[in-house]
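Asker: all I have is the shape, not the residue letters:
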């Protein structure tokens with residue numbers, strides 16, 4: 001059959017499997033270009049009804065004709081073209097079966113009800129709603145600093161011994177710390193749900209549990225009631241802690257993840273500061289009863305949670321999760337409204353990112369047997385499970401980084417700040433006031449990370465943060481030691497030393513160590529376990545926070561100002577830990593992270609040296625490593641900038 005020129009109002013690319021369809025069924029697949037068809041791609045029918053498509057007209061000689069991709073480009077798996085001619089990657093395995101029980105969870109993503117914003121406007125709104133969730137987490141964490149020192153509260157809990165007994169101080173620490181037991185299990189379950197039912201539904205479910213916990217905390221009548229309420233509240237917040245950073249990171253562009261998460265944690269500390277000043281105002285500037293002074297801040301948590309439950313379903317789901325479960329059209333739509341100002345589905349940037357996502361989805365669907373906490377923590381014996389991705393190494397790095405974050409001593413300042421300043425011989429009122437001002441400095445210091453985290457990288461940020469914090473805590477040790485042993489102006493001077501270096505310490509932490517441990521797990525885990533990666537991060541955070549908040553009252557009672565020196569030494573020890581074990585992730589796409597963990601060596605410099613050599617010598621192998629298709633083992637030689645692969649898997 002001879003060549004036929006057609007002009008179609010919208011561009012049409014027809015795959016071989018479409019040839020059996022009627023012309024009317026192909027109308028939905030058209031978009032605005034012209035098409036040259038021939039017998040091998042579009043057979044013209046001789047019947048009266050089918051010999052032309054509605055709206056088709058002959059092409060004039062001066063019209064530009066765009067040929068279809070050749071039939072050989074079509075395929076059922078791997079690189080191919082869709083019906084609109086876009087280069088796509090079709091996974092070799094089908095998506096996992098739908099989770100039937102997800103219908104019992106409220107909310108969820110529906111593109112028909114998505115907020116009508118695109119491009120930067122949509123990203124700003126995502127930052128706002130994600131920031132509100134993180135702000136709630138900061139408020140929830142900081143609100144207890146004013147509650148546990150309230151006289152009515154300690155009397156109701158029967159912990160008001162004077163002088164305070166060691167058992168009472170330990171129980172006060174336990175009231176704060178038991179929250180993190182709830183967040184530990186909440187994070188683990190939230191990670192599981194995030195991979196099964198999606199990020200949106202999981203966040204809404206966590207908010208629902210948080211509503212119950214907040215209600216019980218504000219209405220508590222005894223110690224047992226309070227402990228149960230704290231566990232429930234922590235359980236709900238654990239879902240948010242596990243999912244919100246992952247969700248934000250998966251929606252962001254790779255060169256802006258750090259800034260977005262840093263901004264969210266600016267709001268996190270804003271929540272902590274707001275909780276503190278609300279309690280300060282109720283305590284010193286109101287005539288409310290002592291019961292109201294501590295119950296109202298706990299009840300105020302409900303405001304944040306109700307807003308999140310009401311609005312979160314109107315925001316886009318993670319395109320990476322949508323692609324993973326087989327909703328490629330929805331994933332492309334989300335990328336289009338995120339990356340373009342007009343929602344262009346055919347934008348080159350959208351096509352490129354969608355292709356990369358689907359390429360990784362193909363590999364990771366083959367590794368679904370590793371999508372469980374056991375394989376992540378201990379590894380798997382299954383050959384197809386993704387041992388080449390070294391999930392246990394990533395998992396322990398994330399847990400370790402979160403524990404180190406708390407061992408830097410921030411929990412001592414954020415939860416027990418009044419105690420810190422009283423150790424420098426300040427009065428109760430001045431100690432409370434200084435704690436509130438310190439939180440303001442802490443909040444604005446996080447903005448430094450917004451501008452520096454993606455520029456200087458994660459590793460350098462952790463280095464300078466740990467070094468400055470170690471120096472500050474050492475000076476706090478000296479200042480506190482002499483403040484309690486002197487009087488008058490000399491005592492005031494030493495107290496000022498403690499206050500000054502406490503301010504510098506918290507500002508440094510906010511600009512450095514606050515964000516990186518939360519950002520790291522959203523970057524280094526493969527897609528198929530990324531939500532669970534956020535969950536195990538919460539495990540490390542919960543363990544570190546629980547231990548520090550539990551032992552801090554005991555440490556102040558037992559060793560006094562030497563508590564500062566203990567945490568100063570821990571900051572110093574963190575530096576070599578980061579230097580040898582934690583690779584730089586800044587500037588890499590989420591799909592490239594597997595390349596960082598593609599070999600057996602656990603040491604950063606050996607990894608980097610090998611990867612640079614492989615990338616220079618064999619770009620195809622490097623790309624296969626990026627997508628998990630290949631692994632370079634220790635059996636590799638590097639000679640005069642040449643790579644010799646002795647063995648590869």
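Answerer: Arrived safely, thanks for sending. Just so it is clear, the model here is predicted, and its values are computed rather than measured.

Asker: measure residue 573 to residue 92 for me?
Answerer: Separation of residue 573 from residue 92 (C-beta to C-beta, to the nearest Å): 46 Å. (Each C-beta comes from the backbone N, C-alpha and C, glycine too.)

Asker: residue 100 now?
Answerer: Applying C-beta to C-beta, the value for residue 100 to residue 92 is 25 Å.

Asker: quick one, which of these two is more surrounded?
Answerer: A count of neighbours by other C-beta atoms under 10 Å puts residue 92 above the other of residue 100 and residue 92, at 11 against 7.

Asker: so what's residue 145 scoring on pLDDT?
Answerer: Among the per-residue scores, residue 145 shows a pLDDT of 78.

Asker: could you do residue 248 as well?
Answerer: Residue 248 is assigned a predicted lDDT (pLDDT) of 87.

Asker: what about it, how many residues close to it?
Answerer: 27.

Asker: dump the residue contacts of residue 79.
Answerer: By C-beta atoms under 8 Å, 6 or more residues apart in numbering, the contact set of residue 79 is 87, 88, 89.

Asker: by contact count, what packs against the helix or strand hosting residue 362?
Answerer: Using DSSP states H and E, residue 362 sits within helix 348-365. When contacts are defined as 3 or more C-beta pairs under 8 Å, 6 or more residues apart in numbering; DSSP states H and E, helix 348-365 packs onto strand 87-90, helix 319-324, helix 328-339.

Asker: ok, which of those comes nearest residue 309?
Answerer: helix 319-324 (20.1 Å; C-beta to C-beta).

Asker: which outside residues touch that closest one?
Answerer: Against helix 319-324 from outside (C-beta under 8 Å, 6+ apart): 95-96, 109, 194-195, 198-199, 250-251, 328, 330-332, 334-335, 338, 354, 357-358, 361, 364-365, 527-528, 530-531, 590.

Asker: part of a helix, is residue 250?
Answerer: Yes: assessed by DSSP: H, G, I helix; E, B strand; the rest coil, residue 250 belongs to a helix.

Asker: next, count neighbours for the nearest residue to it once chain neighbours are set aside.
Answerer: Spatial nearest neighbour of residue 250, excluding adjacent residues (C-beta to C-beta, 6 or more residues apart in numbering): residue 318 at 4.1 Å. For residue 318, the neighbour count with other C-beta under 10 Å is 25.

Asker: can you check the one 10 residues further on too?
Answerer: The burial count assigned to residue 328 is 22, neighbours taken as other C-beta under 10 Å.

Asker: what's the nearest residue to it if we skip its chain neighbours?
Answerer: In this structure, residue 328 finds its nearest non-sequential neighbour in residue 358, 7.0 Å apart by C-beta to C-beta, 6+ apart.

Asker: buried residues, the helix holding residue 362. List them.
Answerer: Under the neighbour-count criterion of 16 or more other C-beta atoms under 10 Å, helix 348-365 has 350-351, 353-365 buried.

Asker: closest to residue 226 out of those residues?
Answerer: Distances from residue 226 to the buried residues of helix 348-365, taken by C-beta to C-beta, are shortest for residue 364, at 43.1 Å.

Asker: list the contacts of the closest residue in space to the closest one that isn't next to it in sequence.
Answerer: Nearest residue to residue 364, sequence neighbours excluded (C-beta to C-beta, 6+ apart): residue 528, at 4.0 Å. Residue 528 sits next to 195, 324, 364, 365, 367, 368, 370, 371 when contact means C-beta under 8 Å, 6+ apart.

Asker: and residue 528, how far is that from residue 497?
Answerer: Residue 528 sits 51 Å away from residue 497, going by C-beta to C-beta.

Asker: kindly report the same for residue 450.
Answerer: Residue 450 is 30 Å from residue 497, by C-beta to C-beta.

Asker: strands of the protein, start to end?
Answerer: Secondary structure of the chain (DSSP state E): strands at 4-7, 34-37, 78-81, 87-90, 636-639, 642-645.

Asker: and these, which one's lowest on average pLDDT?
Answerer: Comparing mean pLDDT across the strands of the chain, the weakest is strand 34-37, with a mean of 31.

Asker: tally of neighbours for residue 563?
Answerer: If you count neighbours by other C-beta under 10 Å, residue 563 ends up with 26.

Asker: contact partners for residue 176?
Answerer: 144, 148, 415, 549, 550.

Asker: just the buried subset of those residues, please.
Answerer: The neighbour count (16+ other C-beta under 10 Å) marks 144, 148, 415, 549, 550 as buried among these.

Asker: from those residues, pick the one nearest residue 378.
Answerer: Using C-beta to C-beta, the buried ones among the contacts of residue 176 come closest to residue 378 at residue 550, 27.1 Å.

Asker: from residue 396, how far off is that closest one?
Answerer: Taking C-beta to C-beta, one finds residue 550 at 23 Å from residue 396.

Asker: same check, this time on residue 525
Answerer: Computed as C-beta to C-beta, the residue 525 to residue 396 distance reads 12 Å.

Asker: what about these two, which has more around it?
Answerer: Set residue 525 next to residue 396 and count neighbours by other C-beta under 10 Å: residue 525 wins out with 27 against 16.

Asker: tell me where the stretch 501-649 of the chain has helices.
Answerer: 516-524, 530-559, 562-581, 593-596, 604-617, 619-626 (DSSP state H, counting those that start in this stretch).
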